[in-house]
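A.B. asks: could you look at this predicted model? Sequence included:
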Amino acid sequence: MTSHLEKLISGVGGFVSIACVFWVSHFFETSLQLHLLLVASFGATAVLLFAIPHAALSQPWNVIGGHVVSALIGVFVFKIFPDNIWGAAIAVGSSITAMYYLRCLHPPGGATAAIPFLSGGVVNSYGFEYALMPIGIGAVLMVLIAVLFNYPFAYRRYPAVLLKKTRGKNLNESDEDYEHISHADLVYALSEIETYVDISEDDLLRIYEVATGRKHPNL
């Protein structure tokens, strides 16, 4: 549902963010091995920030909190269970639970929690500072880049609170004023949004049914 230009913009945003994060981490003399492992973590974050910037999992607290919390858990578990298999499993599982409770669920955080077990002991030399640099500073930098990069495009502004609100239904309208939503309506609306939406048209119709308290005629 996105245009070729939108796909290109998302890709450029990902390129710029990763290039900046790696340059900064290199400035702080982060090891080459750790650089390569960060690709899995921050590369996934770049997809969320620049392809679906309005998704709940892409918001600043999710990005920063998810990465930092997962990094702290990863280092902590590594010090107790340095075994690559069981330790990594415990770290990833624990980070998921922690992110849930702290309301900062961010999928790439799972990779961040596993990095200490894949670094060959490199992260162990950083200790808990790993959560600050390169993870914490990198996450903050990516969020700042996302804010600046997406701002010139009114429909992409990040975080979601900066997104220019479109004119909605008048609050004085009654439920009967809702028009039926057809498949064609959804296709048109998604094409106008110009942002990738990770939800199917069928799911959107079901949401419509629940929100309006009535069954859509096309369901």
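C.D. replies: The structure has been received and is ready for your questions. Residues are numbered from 1 along each chain as shown.
A.B. asks: domain map for the chain?
C.D. replies: 4-160, 173-219 (automatic domain parsing).
A.B. asks: right, so those domains: which one is the most enclosed?
C.D. replies: domain 4-160 (a mean of 19; mean count of other Cβ atoms under 10 Å). In this view, the C-beta of every residue, glycine as well, is placed from N, C-alpha and C.
A.B. asks: so can I have CSV of the domains of the chain showing mean pLDDT?
C.D. replies: As requested, the domains of the chain are exported to CSV (pLDDT from 0 to 100):
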stretch, mean pLDDT
domain 4-160, 92
domain 173-219, 65
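A.B. asks: enumerate every residue touching residue 41.
C.D. replies: Residues near residue 41 by Cβ atoms under 8 Å, 6 or more residues apart in numbering: 67, 108, 109, 111, 112, 115, 135.
A.B. asks: now do the SS call for it.
C.D. replies: helix (DSSP: H, G, I helix; E, B strand; the rest coil).
A.B. asks: grab the longest helix from the chain for me.
C.D. replies: helix 4-27 (DSSP state H).
A.B. asks: for that helix, name the packing helices and strands.
C.D. replies: helix 32-51, helix 137-150 (3 or more Cβ pairs under 8 Å, 6 or more residues apart in numbering; DSSP states H and E).
A.B. asks: who are the packing partners of the helix or strand where residue 75 lies?
C.D. replies: Secondary structure from DSSP states H and E places residue 75 in helix 60-80. Helix 60-80 sits against helix 32-51, helix 84-101, helix 108-118, helix 122-126, helix 137-150, with contacts defined as 3+ Cβ pairs under 8 Å, 6+ apart.
A.B. asks: CA atoms of the third one as CSV?
C.D. replies: So the one you mean is helix 108-118. In CSV, the C-alpha atoms belonging to helix 108-118 read as follows (Å, rounded to 0.1, in the frame of the first residue of the first chain):
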residue,chain,number,x,y,z
PRO,A,108,15.2,-6.0,18.7
GLY,A,109,15.7,-6.0,22.5
GLY,A,110,15.8,-9.8,22.3
ALA,A,111,18.9,-9.6,20.1
THR,A,112,20.5,-7.0,22.4
ALA,A,113,20.0,-9.4,25.4
ALA,A,114,21.7,-12.2,23.4
ILE,A,115,24.7,-10.2,22.2
PRO,A,116,26.8,-10.9,25.4
PHE,A,117,26.7,-14.6,24.6
LEU,A,118,27.7,-14.2,21.0
